[in-house]
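Participant: 3D, please:
(one chain, ligands or ions: 1)
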Amino acid sequence: MAIYADNAATTRMSDTAVKAMLPYMQEVFGNPSSLHTAGQTAKEALNSARETVASCLGAEAKEIIFTSGGSEADNQAILTATAIGARKGKKHIISTAFEHHAVLHTLQKLEKQGFEVTYLDVHENGLVTAQEVSDAIREDTCLVTIMYANNEIGTIQPIAEIGAICKEKGVLFHTDAVQAVGHLHIDVKAQNIDMLSLSGHKFHGPKGVGALYVRKGILLMSLIEGGAQERGKRAGTENIPAIMGMAAAMKEACDHLEENHKYVSHLRDTLIGELSKIPHCALNGAKEPRLPGNVNFCFEGIEGESLLLLLDDLGICASSGSACTSGSLDPSHVLLAIGRPHEVAHGSLRLSLCEENTMDEVMEMAKGVADVVALLRRMSPVWRDLQEGKRNYVIQ
Ligand SMILES: *Cc1c(COP(=O)(O)O)cnc(C)c1O
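Facilitator: Next up, the predicted model:
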């Protein structure tokens, strides 16, 4: 059986999520906008899903808008905050250099429209400080958008501290929490988060569904014109089966958050310990605070792509860089942002674990990676040069 260690790219749907979806395909299939009983039954289900999602975040149901996923939620949050800012003549945004492309590409589009973006340095440890955010805030800053946890290297930002500063300075604060929801405890009120994006398929729910939390009082801008679904903030008939599946997966994840966190982080730490024994390798991002399932290493003298393909032959599903950029030869923007030189960033590997992984799998992965790295190094001219002293090691 293959070992699946690419849970940051997507997760397997849980039985709970699949079961929660089924009735809404054939039995309760009404359109929630219809006034008849079949429609109203679907609407009640939709409302209950909204309650569930809200309660897992410490939010109110009316603060949740369902979307097609994390990317759409990121786009909507950023475009809303910047439209509000632009009306007041505020066109400065603060973010980081290693956001997901759903955020980065939206910001690049806004830069072309005359917005100015400060990309905070995430340093070698993959973390920004609240002080750095504070120092970057200006009179004309309309938005701070900083991801909760990074999808490639798993580092967790000081969200509550950043939230407190944004609140004090009166700047909207959005966080892409796609990697955090269902894995870390979140309380949008206590953490002073104004907008938060999440996605169903990153916590064992279905793909193509997500949500945006928007603090009440912030007038959300619709990206899609049409009917009055989602209180006019997102036109289009709601994907009820997917929403039900996501809500069930989210509740399950939140109900088991602590035990999963403990179990998965033990697997992670064991795997990090084993892989650290390989010569000339380095963990990417600080060891703490880190997502419970994230393991990401650079190995000197090899190519991440070859590593992935050979691991796949051994039945191990891993990733190098993010799923969105693999297939291109550019090294990961995240690894470049933490200061890894190009040649080392190319030799990266991410293993992202979940509560379905076992300690046996961890040991098998550790052995598989060590074997494949050794094999690739035997064939690598770069490695030979390093060994013969014709080149200097970047990773000691
Ligand atoms: C997966 C991911 C997204 C995109 O979510 P989709 O639902 O796939 O659109 C956005 N941000 C982060 C951090 C992610 O990991």
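
Participant: who in this structure is up against the ligand?
Facilitator: 69-71, 74, 100, 102, 147, 151, 176, 178-179, 199, 202, 210 (Cβ under 6 Å from any ligand atom). Yep, even glycine has a C-beta here, placed from its N, CA and C like the rest.

Participant: quick check: the farthest pair among those residues?
Facilitator: Spanning the widest gap among the residues of the chain next to the ligand are 69 and 147, at 15.3 Å by Cβ to Cβ.

Participant: same drill for the two, tell me which one is more crowded.
Facilitator: Set residue 69 next to residue 147 and count neighbours by other Cβ atoms under 10 Å: residue 147 wins out with 27 against 23.

Participant: tell me the SS of the more buried one?
Facilitator: Per DSSP: H, G, I helix; E, B strand; the rest coil, the secondary structure class of residue 147 is coil.

Participant: please apply the same query to the one 5 residues further on.
Facilitator: Going by three-state DSSP, the secondary structure assigned to residue 152 is coil.

Participant: quick check: the gap between it and residue 1.
Facilitator: Remark: distance between residue 152 and residue 1 (Cβ to Cβ, to the nearest Å) = 26 Å.

Participant: residue ranges with poor pLDDT in this protein?
Facilitator: Along the chain, segments meeting pLDDT under 70 span 321-329.

Participant: nearest residue to the residue nearest the centre of it other than its sequence neighbours?
Facilitator: Nearest to the mean C-alpha position of the chain, by Cα atoms, centre = their mean, lies residue 179 at 3.2 Å. In space, and not counting its chain neighbours, residue 179 is closest to residue 149: 4.4 Å by Cβ to Cβ, 6 or more residues apart in numbering.

Participant: surely the one you found and residue 156 touch.
Facilitator: Yes. With contact defined as Cβ atoms under 8 Å, residue 149 reaches residue 156; the gap is 4.7 Å.

Participant: how about the helices in the stretch 151-300 of the chain?
Facilitator: Assigned by DSSP state H, counting those that start in this stretch, the helices in the stretch 151-300 of the chain fall at 159-169, 240-255, 257-275.

Participant: identify the residues contacting the first one?
Facilitator: For helix 159-169, contacts defined as Cβ atoms under 8 Å, 6 or more residues apart in numbering pick out 128, 130, 133-134, 137, 141, 144, 146, 148, 172-173, 175, 190-194.

Participant: and the residues you listed, which are buried?
Facilitator: Neighbour-count burial (16 or more other Cβ atoms under 10 Å) is assigned, among the contacts of helix 159-169, to 128, 130, 133-134, 137, 141, 144, 146, 148, 172-173, 175, 191-194.

Participant: beta partners of the residue in the stretch 201-350 of the chain that the ligand sits nearest to?
Facilitator: Closest contact between the stretch 201-350 of the chain and the ligand, by Cβ to the nearest ligand atom, is at residue 210 (5.0 Å). Residues in a beta bridge with residue 210, per DSSP bridges, are residue 67, residue 199.

Participant: and the nearest residue to residue 335 once chain neighbours are set aside, how many neighbours does it have?
Facilitator: Nearest residue to residue 335, sequence neighbours excluded (Cβ to Cβ, 6+ apart): residue 345, at 3.9 Å. Number of residues near residue 345 (other Cβ under 10 Å) recorded here: 23.

Participant: look up how far residue 298 lies from residue 345.
Facilitator: When residue 345 is compared with residue 298 (using Cβ to Cβ), they lie 7 Å apart.

Participant: mutual contacts of the two, please.
Facilitator: In contact with both residue 345 and residue 298: residue 335, using Cβ under 8 Å, 6+ apart.

Participant: all strands of the stretch 101-250 of the chain, in order?
Facilitator: Taking DSSP state E, counting those that start in this stretch as the test, the strands found in the stretch 101-250 of the chain are 116-120, 141-145, 172-176, 195-199, 210-214.

Participant: from the helices of the stretch 151-300 of the chain, which stretch is densest packed?
Facilitator: Counting by mean count of other Cβ atoms under 10 Å, helix 240-255 has the highest mean neighbour count of the helices of the stretch 151-300 of the chain, with a mean of 24.

Participant: contacts only, for the residue lying closest to residue 358 once chain neighbours are set aside.
Facilitator: Excluding the flanking residues, the one nearest residue 358 by Cβ to Cβ, 6+ apart is residue 267, at 7.9 Å. Contacts for residue 267 (Cβ under 8 Å, 6+ apart) come out as 293, 353, 357, 358, 359, 362.

Participant: one more pass at 7 Å, please.
Facilitator: By Cβ atoms under 7 Å, 6 or more residues apart in numbering, residue 267 lies in contact with 353, 357, 359, 362.

Participant: residue contacts, the closest residue in space to residue 143 that isn't next to it in sequence?
Facilitator: Leaving aside its chain neighbours, residue 143 sits nearest to residue 81 (4.0 Å; criterion: Cβ to Cβ, 6+ apart). Contact analysis of residue 81 by Cβ under 7 Å, 6+ apart lists 142, 143, 172, 174.

Participant: and which of the residues you listed is nearest the ligand?
Facilitator: The nearest member of the contacts of residue 81 to the ligand, counting by Cβ to the nearest ligand atom, is residue 174 at 11.8 Å.
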